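A.B. asks: Sequence first, predicted coordinates after that:
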Amino acid sequence: MNDRKPTIVLGMPADNQIHKTIESALTYHGFDVINIAVDGQEFRYPSFASRLSVKIRQALGDKHAKRRLKSRLLTESFEQQLDAAGGSADYALFIRGDTYTPEFLQDVKRRVRGNTVNYQWDGMSRFPNIRDCAALFDKFYVFDPADIRPSENYLPATNFYFDHNINLPETPPNDIYFVGFHMEPRRAAITAFARETEKLGLKTDLAIGGLDMSEAELRRLYPENIRTFIGIRRFEDNLKAAQQAEILVDFKTPAHNGLSFRPFEALGYRKKLITTNAGIKKYDFYHPDNVFVWDGEHLDGLTEFIARPLHEFPPEIYQKYSFGNWINYILDIEPHQKISLPE
């Protein structure tokens, strides 16, 4: 009897540490994981000599000296982990494959027996460089319906909810939960929503983060019942906080039309959802008792929505959007339910 677990290479940005949650989920579902996530925010030179060498090359006009060093170090780390796993892997999953050089992607693919796939959880227009390496993958998935085009061999997928380490309180301490980054186009809607929840006397956990500004600058932009912070919040902390509220809130990112993680967390954790993404009405898990689609201006009907009981779906809907089904679908492992995007 062969009890060997399949080995999967996981490559993605490491900025908010969601890669650790995905690695944990993959392990839960029976994979051995080679994690090659890269931090786009920080890079530490391995030695003073390596730093000096890069600076000299840059001074001589080599604009890609640092990138090549990072790629070489990543390749060395990958090969060490791969050798420890037996010299090859069964699958490779990249999320935002444009984070890596085409040469590195090709090297990984040569060492993988099964599918090497990419999931682009940002709109293609947001990181257009991914188009240059899309053909390197056996399967290429997008989450924005606008990116499904007959002329390109992109496959549909959505985000998902993590179906491991679920710790839901019997009585959630908060009514409303939202965390996100400051984006000027949605500031007015977030501000209006925060003020309305205060009028209704709802217990909220609302937070806005910023990157290229000071804490004082960010603080001046939002009402007092929204906490502000500078930097990137760990995804695991966000996930735990989401499980502590009755209702999750999702403000659409202007850059794309795909659904964020928040709608799927609401579905999987049996929460209600308030969202400004009207596209959710086209998905098979939409129900007006569970999802309040807000136009960003008028909150008429919110009180009645909160009071209505949650609509329960058939078990296969919850299974369809779980991470367990998602990874089987992405890697083409049976059994799985197919995931589609609305037209």
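C.D. replies: Looks like it arrived, so ask away. Numbers count the residues shown, from 1 in each chain.

A.B. asks: who does the lowest-mean-pLDDT helix or strand in the chain touch, helix- and strand-wise?
C.D. replies: Lowest by mean pLDDT, DSSP states H and E among the helices and strands of the chain is helix 48-59, with a mean of 72. Packing partners of helix 48-59 (3 or more CB pairs under 8 Å, 6 or more residues apart in numbering; DSSP states H and E): helix 65-84. Backbone N, C-alpha and C define where each C-beta goes, glycine included.

A.B. asks: Report the angle between the helix it packs on and helix 48-59.
C.D. replies: 140 degrees (axes from the mean of the first three to the mean of the last three CA atoms, to 10 degrees).

A.B. asks: Show me the contact partners of the helix or strand following helix 65-84.
C.D. replies: Following helix 65-84 in sequence order, the next helix or strand is strand 91-95 (DSSP states H and E). Strand 91-95 is touched from outside by 6-13, 22, 31, 100, 105, 108-109, 112, 114-121, 137, 327, 330-331, with contacts defined as CB atoms under 8 Å, 6 or more residues apart in numbering.

A.B. asks: what's around residue 228, how many residues?
C.D. replies: Using other CB atoms under 10 Å, residue 228 has 19 neighbouring residues.

A.B. asks: same deal with residue 279?
C.D. replies: If we define neighbours as other CB under 10 Å, then residue 279 has 19 of them.

A.B. asks: give me phi/psi at it?
C.D. replies: phi -60, psi -20 (degrees, to the nearest 10).

A.B. asks: Contact partners for it?
C.D. replies: Counting by CB under 8 Å, 6+ apart, residue 279 has contacts 145, 257, 259, 342.

A.B. asks: Contact partners for the residue nearest to residue 329 when sequence neighbours are not counted?
C.D. replies: Among residues not flanking residue 329 along the chain, residue 336 sits closest, at 4.4 Å (CB to CB, 6 or more residues apart in numbering). Residues near residue 336 by CB under 8 Å, 6+ apart: 325, 328-329.

A.B. asks: got those as JSON lines, with distance to residue 243, neighbour count and secondary structure columns?
C.D. replies: Formatted as JSON lines, the contacts of residue 336 follow (distance: CB to CB, whole Å; neighbours: other CB atoms under 10 Å; DSSP: H, G, I helix; E, B strand; the rest coil):
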{"residue": "325", "distance to residue 243": "20", "neighbour count": "21", "secondary structure": "helix"}
{"residue": "328", "distance to residue 243": "24", "neighbour count": "16", "secondary structure": "helix"}
{"residue": "329", "distance to residue 243": "24", "neighbour count": "22", "secondary structure": "helix"}
